[in-house]
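Asks: give me a 3D structure for the following:
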Amino acid sequence: MNDSSIPLYSLYGQIDTAAELRFLHLESLESRNRVYDWFIRPHRHHDLYQLIWVEKGCGTVMLDEQRLTLRAPVLISIPPPIVHGFQWRPGTEGLILTVAEGFVADLALWSGDPAVGALLDRLLTVAGSVDPDSMERLGRLFEAILDEYVHDRVCRGTAISGSVLMLFAEVARLRHLSLYEAAPTDPGGKALYRQFKELVEAHFRDRWSVADYASALAMTERSLRRLCLGLASQAPGRIVARRVLLEAKRSLLYTEKTVAEVGYDLGFEDPAYFTRFFARNEGETPAAFRRLRQGAPAA
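Replies: From the prediction side, this is the model:
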């Protein structure tokens, strides 16, 4: 399968757009699969994590180079940019939880538990002979998230975040027990891409150039560009810019820092240059972004 031919979707069947800071979406497995006659073609997401819970039924799952036949109960944890596709038997039941990469990073940070962060960087499939108690807990957590998701109650966002973090903890335990973990494969340089993303996380405030990242990875800029385009359909410079933009949005929404202070924290010596950078990438100035969203409830 040619990486360049694999569609990059926000949610399957929807053109890719950058996920909002606290984007979270939950839907029944049936609702989307029924539209596509129970066949979801191989695709990937560049900034979305997915947790798929199959409570009833079975199907064939394509995960990168693997093709697995699975029967409920099944849990699949899919980090970006893993290619995945499904052929479920009609009538299969379950839930699909999709969470923005930035939101996941926040939850992992708030937990203070390295096991949560480590879990979310690896493909994980749990099925079959797993401890029934563990699978029952997973089912209850998905139902708790669904209950909060469909009702507009006080502290809805807090309750959802707490339940999602508990779900991550349960999945981390399953991974630790090694009940079933997909064999690691790296046919397209995904380990190298993860190293690049880790470097971006460590140095996006330092205003590193693409050449700096390539040098740290012992690659040429052309090779790094080819890697990023192949796995994320984005040039490395764009990936770095998106990470800077994400942090800028966080600071504008959740701190009292001035626009200039936010820019300085992100390595911009000139506030005017930071404003131009933000407006070019977001379509509005930092001041307008903050003003339009002040008082808006969390997703």
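
Asks: from here on, just use CA atoms for contacts and neighbour counts.
Replies: Will do.

Asks: ok, P80 to M219 distance?
Replies: According to C-alpha to C-alpha, to the nearest Å, P80 stands 22 Å off from M219.

Asks: what's the answer for W208, then?
Replies: Counting by C-alpha to C-alpha, the gap from W208 to M219 is 15 Å.

Asks: give me the number of residues near G189?
Replies: 14 (other C-alpha atoms under 10 Å).

Asks: please apply the same query to E93.
Replies: 19.

Asks: show me the contacts for it.
Replies: 28-30, 54-57 (C-alpha atoms under 8 Å, 6 or more residues apart in numbering).

Asks: any of those buried? List them.
Replies: Buried members of the contacts of E93, scored by 16 or more other C-alpha atoms under 10 Å, are 28-30, 54-55, 57.

Asks: quick one, which of P80 and M219 is more surrounded?
Replies: Ranked by neighbour count (other C-alpha under 10 Å), P80 and M219 place P80 first, with 21 against 14.

Asks: one step back: of the buried ones among the contacts of E93, closest to H46?
Replies: When those are compared for distance to H46 (C-alpha to C-alpha), L29 wins out at 21.0 Å.

Asks: give me the pLDDT value at the closest one.
Replies: As predicted, L29 sits at a pLDDT of 90.

Asks: was I right about it contacting L97?
Replies: No: the pair L29 / L97 is not scored as a contact, 9.6 Å apart, by C-alpha atoms under 8 Å.

Asks: tell me the secondary structure for the nearest residue to E284 once chain neighbours are set aside?
Replies: Leaving aside its chain neighbours, E284 sits nearest to F278 (7.2 Å; criterion: C-alpha to C-alpha, 6 or more residues apart in numbering). Under DSSP: H, G, I helix; E, B strand; the rest coil, F278 falls in the helix class.

Asks: just use 25 as the starting number from now, easier for me
Replies: With the count now opening at 25, the last piece we talked about shows up as F302.

Asks: A129 versus F302, what's the distance?
Replies: In terms of C-alpha to C-alpha, F302 sits 21 Å off from A129.

Asks: out of the two, which sits in the busier spot?
Replies: F302 (23 against 14).

Asks: distance check, the more buried one against G261.
Replies: 14 Å.

Asks: what's the answer for A226, then?
Replies: 15 Å.

Asks: neighbour count winner among the two?
Replies: Taking neighbours as other C-alpha under 10 Å, A226 and G261 compare with G261 leading, 15 against 10.

Asks: so for that one, what's the pLDDT?
Replies: 94.

Asks: residues contacting the residue lying closest to it once chain neighbours are set aside?
Replies: If the residues on either side of it in the chain are set aside, G261 comes closest to V234, at 6.1 Å by C-alpha to C-alpha, 6+ apart. Contact analysis of V234 by C-alpha under 8 Å, 6+ apart lists 245, 260-261.

Asks: TSV for those, including distance to A215 and secondary structure?
Replies: Putting these into TSV (distance: C-alpha to C-alpha, whole Å; DSSP: H, G, I helix; E, B strand; the rest coil) gives the following:
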residue	distance to A215	secondary structure
E245	17	helix
P260	15	helix
G261	19	helix
